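*Asks:* How does the following fold in three dimensions:
(2 chains)
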Amino acid sequence: QKEVEQNSGPLSVPEGAIASLNCTYSDRGSQSFFWYRQYSGKSPELIMSIYSNGDKEDGRFTAQLNKASQYVSLLIRDSQPSDSATYLCAVNPGSEKLTFGTGTRLTIIP
Amino acid sequence: DTAVSQTPKYLVTQMGNDKSIKCEQNLGHDTMYWYKQDSKKFLKIMFSYNNKELIINETVPNRFSPKSPDKAHLNLHINSLELGDSAVYFCASSPPLTYNEQFFGPGTRLTVL
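*Replies:* Prediction:
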């Protein structure tokens, strides 16, 4: 089992709809969780971090964490073509490193 | 600009050569990292330094040697380059006490011919 799993996609969502990206992780001791956005040919950019169960909202982005289910998700409301990118889920298992998923490629269709 | 910077941005070289990639951050962070992102876009940690001290050394061939002259710099030297070393190498840094929020440099695309 991979440490951090994501559906590789591609995930296609119409402009203005809600994009839902999911991630599961295997280490129950994981303490912090991150979503990075990576445009093609660019570096990963931190867009959301979440540390406790529940929802965390920042503008059009909402991160959701359920530690019991070992599940973290990212919702993007009112999706825009500029949201088209690969989204990387990253988990800190309580050490000095992050473990990344393989990413979900999201395409917003105008 | 406050940022993580890397040089060079592109590196094309022949098999067997030795090359270095430099990374600098002016964010005042204590911890720096090297990642390798392969053609399938999987991002894997290679090394991490905290305040010039090596704290993470993943299963990486010993042809790869990191060096941190001070906490703002982390360089990566690669000996005897192989075709499989072709990838994008990212440097990142993180501040203390932030549960490991990491900020990435622009990347160095290494192509070994």
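
*Asks:* okay, CA-based contacts and neighbour counts for the rest of this
*Replies:* OK.

*Asks:* Distance from the worst-scoring helix or strand of chain B on mean pLDDT to the middle of the chain?
*Replies:* Within chain B, no helix or strand scores below strand B:53-57, which has a mean of 86 by mean pLDDT, DSSP states H and E. Strand B:53-57 sits 13 Å away from the centroid of its parent chain (CA atoms, centre = their mean, to the nearest Å).

*Asks:* And it, what's buried?
*Replies:* In terms of neighbour count (16 or more other CA atoms under 10 Å in any protein chain shown), strand B:53-57 has its buried residues at B:54-56.

*Asks:* among the residues you listed, which are within reach of chain A?
*Replies:* B:55-56 (CA under 8 Å from any CA of the partner chain).

*Asks:* Now the most centrally placed residue in chain B. Nearest residue, chain neighbours left out?
*Replies:* Centroid-nearest residue in chain B: B:W34, 3.0 Å away (criterion: CA atoms, centre = their mean). Distances taken as CA to CA, 6 or more residues apart in numbering or on different chains put B:C91 closest to B:W34, at 4.7 Å, once the chain neighbours are dropped.

*Asks:* mind checking which helix or strand that neighbour is in?
*Replies:* Secondary structure from DSSP states H and E places B:C91 in strand B:87-94.

*Asks:* cool, and A:F33?
*Replies:* Following DSSP H and E, one finds A:F33 within strand A:32-38.

*Asks:* Any regions of chain B where pLDDT drops low?
*Replies:* Of all residues in chain B, those with pLDDT under 70 make up the ranges B:1-2, B:97-99.

*Asks:* If you could redo that for chain A, that was the one I meant.
*Replies:* Looking at chain A by pLDDT under 70, you get A:1.

*Asks:* Cool, thanks, signing off.
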